[in-house]
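> whatever this is, show me its structure:
(6 chains, ligands or ions: 6)
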Amino acid sequence: MENMIDLALVNLTSPVVLFFGLGLLIVLLKAKVEFPGAVSDFISIYLLTAIGFKGGVAIAEAGLNSVIVTVLGSILLGLLIPVYSFYLLRRLGGLKPDDAAAIAGHYGSISVVTFMAAAAFLSSIQVEYEGYINGLPAIMETPAIIVALILATLAKNHGSSGSSQKEISLGQVAKQVLLSKSVVLLLGAMAVGYITGPKGMDTVKFFYKDIFMGMLSMFMLEMGIIAASKIRELKKSGIFLMFFGIITPVFNALLGILTGVFAGLSVGGTTLLGVLAASSSYIVAPAAMRVSLPKANPALYLGASVGVTLPFNLIFGIPIYYHMAIYFINLLE
Amino acid sequence: MENMIDLALVNLTSPVVLFFGLGLLIVLLKAKVEFPGAVSDFISIYLLTAIGFKGGVAIAEAGLNSVIVTVLGSILLGLLIPVYSFYLLRRLGGLKPDDAAAIAGHYGSISVVTFMAAAAFLSSIQVEYEGYINGLPAIMETPAIIVALILATLAKNHGSSGSSQKEISLGQVAKQVLLSKSVVLLLGAMAVGYITGPKGMDTVKFFYKDIFMGMLSMFMLEMGIIAASKIRELKKSGIFLMFFGIITPVFNALLGILTGVFAGLSVGGTTLLGVLAASSSYIVAPAAMRVSLPKANPALYLGASVGVTLPFNLIFGIPIYYHMAIYFINLLE
Amino acid sequence: MENMIDLALVNLTSPVVLFFGLGLLIVLLKAKVEFPGAVSDFISIYLLTAIGFKGGVAIAEAGLNSVIVTVLGSILLGLLIPVYSFYLLRRLGGLKPDDAAAIAGHYGSISVVTFMAAAAFLSSIQVEYEGYINGLPAIMETPAIIVALILATLAKNHGSSGSSQKEISLGQVAKQVLLSKSVVLLLGAMAVGYITGPKGMDTVKFFYKDIFMGMLSMFMLEMGIIAASKIRELKKSGIFLMFFGIITPVFNALLGILTGVFAGLSVGGTTLLGVLAASSSYIVAPAAMRVSLPKANPALYLGASVGVTLPFNLIFGIPIYYHMAIYFINLLE
Amino acid sequence: MFFDKKRISIIVEEVYRDEVVKLLEESGASGFTVYKDIYGKGKSGVRGKYGGLSEISSNIEIVSITGPEVADRSLRGLTTLINKGVVLIVHMTDVKVIRNEYFN
Amino acid sequence: MFFDKKRISIIVEEVYRDEVVKLLEESGASGFTVYKDIYGKGKSGVRGKYGGLSEISSNIEIVSITGPEVADRSLRGLTTLINKGVVLIVHMTDVKVIRNEYFN
Amino acid sequence: MFFDKKRISIIVEEVYRDEVVKLLEESGASGFTVYKDIYGKGKSGVRGKYGGLSEISSNIEIVSITGPEVADRSLRGLTTLINKGVVLIVHMTDVKVIRNEYFN
Ligand SMILES: Nc1ncnc2c1ncn2[C@@H]1O[C@H](COP(=O)(O)O)[C@@H](O)[C@H]1O
Ligand SMILES: Nc1ncnc2c1ncn2[C@@H]1O[C@H](COP(=O)(O)O)[C@@H](O)[C@H]1O
Ligand SMILES: Nc1ncnc2c1ncn2[C@@H]1O[C@H](COP(=O)(O)O)[C@@H](O)[C@H]1O
Ligand code: NA
Ligand code: NA
Ligand code: NA
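Ligands and ions are numbered 1, 2, ... in the order given. So this is what the prediction gives:
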């Protein structure tokens, strides 16, 4: 087993994490580096398409059958995490139903960027993983958001009845989330990858595989800038969410890792499932919550998810979850 | 000779066509995937530059002499196609002169994207073609547009004389078309490629060659979105143009293929000349027609060209034209 | 020693210079090729990050110690050049203090694009250079700007005293320049490269190294467009600055080359230091001058720097400086 | 030669675009124009300066030129939306147009 | 301290930009500003939402601040353009400026 | 139902953004909106059409809706800025808003 400190260092000195750190620094120094919207749209369209496509090709290679258990396990995670997060945030944090539901949905959903950084980490320490895991982000992105909105509706019906707010139509929200850019690109590119298979991959390998890590590193610069600006907003809103943003991912990683062990994944695959469970959404969930729960405070859910959990996972979480994966897989043997 | 169904499948399961299909689906599902203008500008600037550059390098390798017959033949196609298209649209379709001329100009001009998809198809079934064919799109883009505008002017002078519309200055239009972004990038990059030759290509090969197919596949996603939104508009305007948009390209392909056979091109080269003849413009012609014939209805020319012919060629046309090319080349031997 | 004419031809027929020429031509022909702002932002963010990153990795490989003399020498150049440029522009050119200071700052600062083109030229004639030279642009960008602003302040205090203009706070300007996009990306990516070292470079090599030359060639197209539009504006402002824009870079190159010889650099390294000294800023300095010296005429500094010196260096300067470097290194041996 | 109309401007987060557009159309507006990729500062701090999360963080402006009745209906609808918690920055200007029938 | 001017706004497809700008300049306008990359909906459906074909499908807004005579000439020219078949959405607003001589 | 406000528009090179924003805030404006990536033509020629140098060559428009006192203070500050050599194209429009207290 590799030394924990060495691994942490490998992670910290990777271009991906260093560019993220540079982004944090840029905000601290109040430097004037702004990515035009279209630039980050381009990189994020690219990253989503690439990861979905890779996942689809890998599923085609592995066969749908060998994938089912893992997929079901990961959906279960997405359904479970928002439920207990919601109650934690209500009881311990004393948050309003809308705020609690919005945050819970973020943590049940996933962060594609964190996932990619973890995959980069694994490949830099030469740890293999089941290629079809690249298909999971597409699948785990949405269920939690739906669950969170159900919780919000229940809580409000339970409480004050004379609400002036129009009832949320869950069907409509589900449709909106499923048809959001991230989910469509991830799922769509996965379908393309699945149909075209390794033969199709050969023709576009240079684009979707070779330059991927570089594009990701440039994107991390911007994610760092965003994370730093969100953490600022959170500072105004108290210490509880800071703790929540660090402890929840570790606990969720544990659940993800146990699911991975249970599904018989390799160390690499188990780590990645842990990372997915630990990560929290930064695009799909915020957009869905803003529309469905307009009274929830964006500073809270963005602050916790993007300001705290994203940097924590990238900087500390990934090597920790890798160690946890090794520990639990060894335990079982 | 390969099996027709197999070939159709190779084409249908290529990333390029699948991403196009994903684009169509996105519009059908009313999903919210929008490419910012700057992103598609970037990809389209890249694709035009890359194809022009490759063509120029290939012409430098082949020598200008061996290229002349093919070039003359392809210009002839551009002059001929709009003439009979115009009369067909007027007589059979009963369209107004402006509408008929606008559509005729689109079909005489070419679609770079369709050409690229055909080249990708050929390379996926390991069929070689004369590299300098990459220079033809630049050359075939404009002549048809000029011819179409001449037809419009003639028709109007012939008919009602008291037209309030200012006379179209053909020279001005020709200049505008020749100096439009697509044509300048294609021709300019071709000149650069011709001068710098294979030695220059070596230094930028990774960018202009290796990642080309991937960039194209991302662009196809957007072309699918655009095509689907244009076909909708056409639906309102009747069935004649739907037929026209499917039958004309097949007939034009035939002319292109005969030209290719006559010029002594390989099977690959003949196929590509057929595809160029079959394809219809989606950038240069629409912009030129909008300015020069403001009373022509854009829903008609965009609907037919982008909504019907583009998807037809991509999905069905390319393998058909390949078979036609083989058939006629064998006939001659 | 290679033949001068051959070398000039190698430079002139490289994709990088040809695309620049295409850009010039596009403006001459009044063609409608416009790069959306976001596209050139993307390419320029990429280029700055890539060059900084490569420089950082190279410094990590070479060790900080072996770099110090060169770095100090290049900072000295940045401090010296604006001083004599300022007096030249005042005395010979009869320019106003603000204009003279603004232009002087541009020539003391550097042009990353010219540097990249020179590096491309060297690699096309298989001349090696010290990799850490890639770190110099970051270091040489700012000192000259500060010096120029000090000169402007001194000149104004010396002259009329009842100035209604608010005093320029040098500290503020220094901060603003150091925290500008270009400098932050160059220095930041250099730090990332330095920390991550060759191991990190391996993971992102395809992106930051392989496609670099192609991205640069696309950017040159736009630089050509910009240069041509700036030279037009200069035409109105007289002949003196035309001469200045050609003679100054040659003289500055001489100083840079002597510094390189003195620091014991290879022919390649010496050439590049010459090119850096000869080149003049086109992003950082213009932005700084516009804010700090609003009464200086942008047509003058942009016309000279972007309209004259940039094309001169790219088209003629680079092979000349290479020859000069060889000459002086041979002289010393 | 000129006809008096109202120009309604609504600055809002991009996620609410469809909601506002629906409201305008239901109020009878014959058209609207959207200005993308703007940013600004107001009571809720800086917004829209960074891309990436553009869908959630960026502002848009929706402008519609309408007759007085449609303007009235739209503004009443917008007030309801504000009360629902959606932050809207609304203002109205008197403008003149050439073609009366083009703007309901 | 303030001077009364007219602010003319023209929303039009990007391909017609040069034609409209020429018209404004010939009418004597001393300047104009173009807003790119906007989109909208009107009598001819949604326009400008997708890129790629941006040259043909996207809207721009051209705004010019002028004195009353130039405004008058411009609007007459724009009416001619409308009759030629070019679809223009035009409106005019009364505005105040600080520097009178800056805007013809 | 409606309250009268002033809408101040300032067209200026992007490099001066922070200076103008500071001025507006010091004058008491409660918010502003920035329109990026616009271009135009005026006394100093075409500006902002090409990217790349966007930081120096492109225009932005800064719009702020304010009450009359803040408008007055802002315009006086802007006049000082103009005298310093910064080229600003400023105009003001009368607008109506729904929420009085939102705009100082
Ligand atoms: N006084 C104002 N003038 C112009 N735009 C404003 C003003 N106040 C707010 N805005 C715009 O409306 C957005 C949301 O405002 P707020 O909800 O107050 O943060 C801001 O980001 C600005 O773009
Ligand atoms: N009532 C309106 N208010 C604001 N913008 C409009 C209006 N009607 C049309 N437009 C704009 O003008 C463009 C062309 O309109 P139309 O020719 O009616 O389709 C639309 O895409 C909108 O951007
Ligand atoms: N009369 C005008 N109407 C609208 N915009 C103008 C006008 N004059 C100048 N501008 C804008 O202000 C910018 C700077 O103007 P100038 O300093 O006169 O070159 C131009 O690039 C235009 O975007
Ligand atoms: Na999660
Ligand atoms: Na054709
Ligand atoms: Na220099």
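> what residue in chain D comes nearest to ligand 3?
D:Y35 (15.4 Å; Cβ to the nearest ligand atom). To be clear about C-beta, it is placed using only N, CA and C from the backbone, and glycine gets the same treatment.
> that residue: neighbour count?
By the criterion of other Cβ atoms under 10 Å in any protein chain shown, D:Y35 has 23 neighbours.
> same question for D:K84.
13.
> and the helix or strand harbouring D:R76, what's buried?
Per DSSP states H and E, D:R76 falls inside helix D:68-83. Residues of helix D:68-83 classed as buried by neighbour count (16 or more other Cβ atoms under 10 Å in any protein chain shown): D:70-71, D:73-75, D:77-78, D:81-82.
> contacts for it?
By Cβ atoms under 8 Å, 6 or more residues apart in numbering or on different chains, the list of residues contacting helix D:68-83 from outside reads A:164, D:6, D:8, D:10, D:16, D:19-20, D:23-24, D:26-29, D:64, D:66, D:88, D:90, D:92, D:104, F:1, F:98-99.
> by contact count, what packs against the helix or strand hosting D:I38?
Assigned by DSSP H and E, D:I38 falls within strand D:32-42. Strand D:32-42 sits against helix D:17-26, strand D:45-47, strand D:59-66, strand E:32-42, strand F:32-42, with contacts defined as 3 or more Cβ pairs under 8 Å, 6 or more residues apart in numbering or on different chains; DSSP states H and E.
> can that strand be said to contact ligand 1?
Yes. Using Cβ under 6 Å from any ligand atom, strand D:32-42 comes into contact with ligand 1 via D:40-42.
> tilt between that strand and helix D:68-83?
40 degrees (axes from the mean of the first three to the mean of the last three Cα atoms, to 10 degrees).
> coming back round to it: show me which of the contacts of helix D:68-83 are buried.
Buried by 16+ other Cβ under 10 Å: D:6, D:8, D:10, D:16, D:19-20, D:23-24, D:27, D:29, D:64, D:66, D:88, D:90, D:92, D:104, F:98, out of these.
> for stretch A:110-128, buried residues please.
Buried residues in stretch A:110-128, counted by 16+ other Cβ under 10 Å: A:110-122, A:124, A:127.
> and the helix holding D:R76, how far from the chain's centre?
Mean-position distance between helix D:68-83 and its chain equals 10 Å (Cα atoms, centre = their mean, to the nearest Å).
> quick one: work out the angle between it and strand D:59-66.
Going by the same axes, to 10 degrees, helix D:68-83 makes 150 degrees with strand D:59-66.
> what about helix D:68-83, average pLDDT?
For helix D:68-83, mean pLDDT rounds to 94.
> and the next helix or strand past it?
strand D:89-97.
> related to what we said a few turns ago, tell me the mean pLDDT over the strand holding D:I38?
88.
> list the buried residues for that strand?
Neighbour counts over strand D:32-42 (16+ other Cβ under 10 Å) mark D:32-42 as buried.
> among those, which one lies nearest to B:I150?
Minimum distance to B:I150 across the buried residues of strand D:32-42 is 36.6 Å, recorded for D:T33 (Cβ to Cβ).
> surely the closest one meets E:Y39?
Yes. In this structure D:T33 lies within contact range of E:Y39 using Cβ atoms under 8 Å: 7.4 Å.
> common neighbours of those two, please.
Common contacts of D:T33 and E:Y39 (Cβ under 8 Å, 6+ apart): E:N59.
> one step back: among the buried residues of stretch A:110-128, which two are most distant?
Counting by Cβ to Cβ, the most remote pair of these is A:I110 and A:S124, 21.4 Å apart.
> isn't A:Y132 right next to A:V67, touching?
Yes. Shown here, A:Y132 and A:V67 form a contact pair, counting by Cβ under 8 Å, at 5.2 Å.
> quick check: neighbours shared by these two?
Counting by Cβ under 8 Å, 6+ apart, the common neighbours of A:Y132 and A:V67 are A:I59.
> contacts only, for residue 32.
In the absence of a named chain, this looks at chain A. Contacts of A:K32 (Cβ under 8 Å, 6+ apart): C:179-181, C:184.
> oops, wrong one, chain D.
So D:F32 contacts D:21, D:24, D:62-64, E:40-41 (Cβ under 8 Å, 6+ apart).
> does A:F312 touch A:P249 like I think?
Yes. If you go by Cβ under 8 Å, A:F312 and A:P249 touch, sitting 6.5 Å apart.
> looking at those two, which is more packed in?
With neighbours defined as other Cβ under 10 Å, A:F312 and A:P249 compare such that A:P249 has more, 30 against 21.
> who are the contact partners of that one?
A:107, A:278-280, A:309, A:312-313, A:317.
> let's go with 10 Å and repeat that
Going by Cβ atoms under 10 Å, 6 or more residues apart in numbering or on different chains, A:P249 touches A:107, A:111, A:114, A:256, A:274-275, A:277-280, A:305, A:308-310, A:312-313, A:316-317, A:320-321.
> narrow those to those in helices?
A:107, A:114, A:256, A:274-275, A:277-278, A:310, A:312, A:320-321 (DSSP state H).
> identify, from those, the entry nearest to ligand 3.
Nearest member of the ones in helices among the contacts of A:P249 to ligand 3, counting by Cβ to the nearest ligand atom, is A:L310, at 39.3 Å.
> which one is the closest one nearest to, not counting chain neighbours?
What sits nearest to A:L310 in space, not counting adjacent residues and going by Cβ to Cβ, 6 or more residues apart in numbering or on different chains, is A:A227, at 5.3 Å.
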